[in-house]
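Undergrad: Just a sequence and a predicted model for now, questions to come.
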There are 6 protein chains.
Amino acid sequence: MHDKVKEFNDYRQKMNDKILEADNKVIKRIYNLDTNTFKEGHLPVKTKELLGLVASAVLRCDDCVQYHLEAAMKNGVTKEEMMETMSIATLVGGTIVIPHLRRAVEYWEMLENK
Amino acid sequence: MHDKVKEFNDYRQKMNDKILEADNKVIKRIYNLDTNTFKEGHLPVKTKELLGLVASAVLRCDDCVQYHLEAAMKNGVTKEEMMETMSIATLVGGTIVIPHLRRAVEYWEMLENK
Amino acid sequence: MHDKVKEFNDYRQKMNDKILEADNKVIKRIYNLDTNTFKEGHLPVKTKELLGLVASAVLRCDDCVQYHLEAAMKNGVTKEEMMETMSIATLVGGTIVIPHLRRAVEYWEMLENK
Amino acid sequence: MHDKVKEFNDYRQKMNDKILEADNKVIKRIYNLDTNTFKEGHLPVKTKELLGLVASAVLRCDDCVQYHLEAAMKNGVTKEEMMETMSIATLVGGTIVIPHLRRAVEYWEMLENK
Amino acid sequence: MHDKVKEFNDYRQKMNDKILEADNKVIKRIYNLDTNTFKEGHLPVKTKELLGLVASAVLRCDDCVQYHLEAAMKNGVTKEEMMETMSIATLVGGTIVIPHLRRAVEYWEMLENK
Amino acid sequence: MHDKVKEFNDYRQKMNDKILEADNKVIKRIYNLDTNTFKEGHLPVKTKELLGLVASAVLRCDDCVQYHLEAAMKNGVTKEEMMETMSIATLVGGTIVIPHLRRAVEYWEMLENK
């Protein structure tokens, strides 16, 4: 079976490696910061992942949505909570978010089937 | 022949069904509202579809553009009127709209060929 | 009485004059194009102004919204038609459009009171 | 003392009343939906307000940020949690979010001083 | 070997031809303006291409990024300068630019391999 | 005389101080990164400031535009170069950039008069 989740993660990993090899200090520090931002803090990881998800959805970044969907699922987010998060994105960001909602629901299903 | 219009509509329908099955009240109401907004009102349906098209184009949502192109054609919009609408989108939204204009013109042609 | 409509138009005129004096060819041609785009074509001026309004509203540009509100009113757009246009903007662009809707309705009222 | 929080809320209330009086069905339903979306569901109100805040911040809507800051504070969000939410917004949305962060911190302080 | 650069350029050329054939005066003039804007002026072509690249990147337009990457390379931009430009885009535009950075680095590599 | 440049810088400084006092590690590191990104590298400071300016302009962030205008002027950017940079922003980002162009030209004039 064609595994879109693996394909997505492999591509991301391969290109991230190339980007980090290019050794641009600013980009390396942004990557580093990205990892730290979503760690446990005053807010739990689960909430932070939902915050990352809704931000990605209203900014309509499919790759970012997929990344946060995967992290959200790993941290115990239920489908209902994910849909509620996406409903806020769709209300605040408008119906232009709907095509991204379709792809998010499709990706969530792929993650469930793994 | 590969039918991209049918493929697009089938995917949208399939995913919309899954989204509505998830039974999130907010999302269901937004879907419902979407249908009602573009019905005849003080403005005719044709004008509303052009408004939906230009809004989708400046927000650079290809799926939304395709949806409104199809509805516009069904409501008697000519190619000249569509291009004039897209020219407003390109002026107001800038040259970053041009890639979406290319795909819009391609999709319009597919619709004409059906 | 403090005349916000006049103030807005005066500032715009004053700065546009300074911009055109700077004699940048690209900017001058964009200004020129802007005037031509909204002239009668395959679509009537009134429809074009509504297209300009909805594009400005979803891109959340208050100055652009005010400009098109004024031109729309001059071309016979009714309050109901304006509100219907703004309702499409709010649905497509999301609730982040609402603060701009508030300022649009306020500006429309100022225009009515002139 | 000049009360910016009250001024903001009064203006919003006054204009919302005028908008609802205009009796556009789509806009009225979006307003209604907005109220329902942020009610207790699978996610607690507090989390939903943080989701509304981060979405508003990355979309750079000061009025929306202020609205959610006020609701967040009422629902027990601490300054640290607010700042953590805004840090996600600034990382995901970039340094263009910083001017909005400045105004958010200023508004939060006003709310604390009430 | 599958030549993605050629494929991208062919598609762009084919659709641009169709768009110009449609003979919409506004669109034709925007196309014309686009060519003139990036010509040598007070700023050298190389700097202008970097300006076009960073604008395209923060607006997250992959096609525009690819177009400017190609023109930048032709005008002597080094990989380090390209990465530095993209690092500014990622800082200012946020981590949502990262997926576009991945595709930019991939496309740059394709251009190098030609 | 009312000094808008000083007022802008004082407000920014005051709020930045408050933000840094709040001691959120992610935000502090983004601030730090911001300073480093625009330092001399493979590209000269002047070019980087123009990149920051065009990115800010297409993302329509007035405060960011003002910040980069000031840094650009300090690094020897001429009015013609600034206008050329803004013309690229207006072409790529569309006529919705024009209100920001007006405020940029106004701010540049204030800087010249200091």
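TA: Okay, I see it. Numbering: from 1, shown residues only, chains lettered A, B, ... in the order given.

Undergrad: can we go C-alpha only for contacts and neighbour counts from here?
TA: Noted.

Undergrad: D:Arg60 is in contact with A:Leu59, correct?
TA: No - the pair A:Leu59 and D:Arg60 does not pass the contact test of CA atoms under 8 Å, sitting 10.8 Å apart.

Undergrad: The helix or strand containing A:Thr47 - contacts with which helices or strands?
TA: For A:Thr47, the element it lies in under DSSP states H and E is helix A:45-58. Judged by 3 or more CA pairs under 8 Å, 6 or more residues apart in numbering or on different chains; DSSP states H and E, helix A:45-58 is in contact with helix A:62-74, helix A:79-93, helix D:45-58, helix D:79-93.

Undergrad: where does chain A dip in pLDDT?
TA: Counting by pLDDT under 70, chain A shows low-confidence ranges at A:1.

Undergrad: Find the centremost residue of it, please.
TA: Ranked by distance to the mean C-alpha position of chain A (CA atoms, centre = their mean), the top residue is A:His68 at 2.3 Å.

Undergrad: Chain A against chain B: which residues are in contact?
TA: Counting by CA under 8 Å from any CA of the partner chain, chain A comes close to chain B at A:80, A:83-84, A:87, A:90-91, A:95-96, A:99, A:102, A:105-106.

Undergrad: Just give the number of residues close to the residue lying closest to A:Arg102 once chain neighbours are set aside.
TA: Leaving out its chain neighbours, the residue that sits closest to A:Arg102 by CA to CA, 6 or more residues apart in numbering or on different chains is B:Met15, at 5.6 Å. Number of residues near B:Met15 (other CA atoms under 10 Å in any protein chain shown) recorded here: 18.

Undergrad: cool, A:Ala71 as well?
TA: If you count neighbours by other CA under 10 Å, A:Ala71 ends up with 19.

Undergrad: How many residues are close by the closest residue to it other than its chain neighbours?
TA: Using CA to CA, 6+ apart and skipping residues adjacent in sequence, the residue nearest A:Ala71 is A:Glu49, 6.7 Å away. Counted by other CA under 10 Å, the residues lying close to A:Glu49 total 23.

Undergrad: need the contact list for A:Glu49.
TA: A:38, A:68, A:71-72 (CA atoms under 8 Å, 6 or more residues apart in numbering or on different chains).

Undergrad: Next: A:Lys4.
TA: Applying CA under 8 Å, 6+ apart, we find A:Lys4 in contact with A:Met110.

Undergrad: For it, grab phi and psi.
TA: phi -70, psi -30 (degrees, to the nearest 10).

Undergrad: how far away is it from E:Ser56?
TA: 28 Å (CA to CA, to the nearest Å).

Undergrad: How about A:His42?
TA: 36 Å.

Undergrad: higher neighbour count, those two?
TA: Neighbour totals were compared for A:His42 and E:Ser56, and E:Ser56 leads with 27 against 15 (other CA under 10 Å).

Undergrad: right, and the more buried one touches E:Gln66 too?
TA: No - the criterion here is CA under 8 Å, and E:Ser56 misses it with E:Gln66 at 9.1 Å.

Undergrad: what about the closest residue in space to A:Leu33 that isn't next to it in sequence, neighbour count?
TA: Among residues not flanking A:Leu33 along the chain, F:Val26 sits closest, at 6.9 Å (CA to CA, 6+ apart). For F:Val26, the neighbour count with other CA under 10 Å is 21.

Undergrad: Secondary structure element holding F:Val26?
TA: Taking DSSP H and E as the definition, F:Val26 sits inside helix F:25-37.

Undergrad: Next, the angle helix F:45-58 makes with that helix.
TA: Here the directions of helix F:25-37 and helix F:45-58 differ by 130 degrees (axes from the mean of the first three to the mean of the last three CA atoms, to 10 degrees).

Undergrad: residues in contact with A:Leu50?
TA: Counting by CA under 8 Å, 6+ apart, A:Leu50 touches A:68, A:72, A:82, A:85, D:51.

Undergrad: So what touches stretch A:91-103?
TA: In contact with stretch A:91-103 (CA under 8 Å, 6+ apart) are residues A:57-62, A:86, A:89-90, B:12, B:15-16, B:19, B:26, B:30, B:34, B:56, B:59, B:61, B:63-64, C:90-96, D:34, D:52, D:55-56.

Undergrad: how long is that stretch end to end?
TA: With CA to CA as the measure, stretch A:91-103 spans 17 Å from end to end.

Undergrad: Any buried residues in that stretch, and which?
TA: A:91-103 (16 or more other CA atoms under 10 Å in any protein chain shown).

Undergrad: Between the residues you listed, which sits nearest chain C?
TA: Nearest to chain C among the buried residues of stretch A:91-103, counting by CA to the nearest CA, is A:Gly94 at 3.3 Å.

Undergrad: For the closest one, which non-adjacent residue is spatially closest?
TA: The nearest residue in space to A:Gly94 (CA to CA, 6+ apart) is C:Gly94, at 3.3 Å.

Undergrad: Need phi/psi at that neighbour.
TA: Dihedral pair for C:Gly94: phi 90, psi 180, per degrees, to the nearest 10.

Undergrad: again with A:Asn24
TA: phi -90, psi 120.

Undergrad: And it, how close does it get to B:Ile27?
TA: If you measure A:Asn24 against B:Ile27 using CA to CA, the figure is 42 Å.

Undergrad: same check, this time on A:Ile98
TA: Taken as CA to CA, the span from A:Ile98 to B:Ile27 is 9 Å.

Undergrad: Between those two, which contacts overlap?
TA: With CA under 8 Å, 6+ apart, A:Ile98 and B:Ile27 have common neighbours A:Thr90.

Undergrad: which SS state does the residue nearest to A:Arg12 when sequence neighbours are not counted fall under?
TA: Among residues not flanking A:Arg12 along the chain, E:Arg102 sits closest, at 7.6 Å (CA to CA, 6+ apart). At E:Arg102 the chain is in helix, as set by DSSP: H, G, I helix; E, B strand; the rest coil.

Undergrad: one step back: which one of the helices and strands packed on helix A:45-58 lies closest to C:Phe8?
TA: helix D:45-58 (27.1 Å; CA to CA).

Undergrad: A:Ser87 contacts B:Lys28, correct?
TA: No - using CA under 8 Å, A:Ser87 makes no contact with B:Lys28, being 9.3 Å away.

Undergrad: Looking at the backbone only, give me phi and psi for A:Ala22.
TA: Per-residue torsions, A:Ala22: phi -70, psi -20 (degrees, to the nearest 10).

Undergrad: re the thing from before, look up how far A:Phe38 lies from the residue nearest to A:Ala71.
TA: From A:Glu49 to A:Phe38 the distance is 7 Å (CA to CA).
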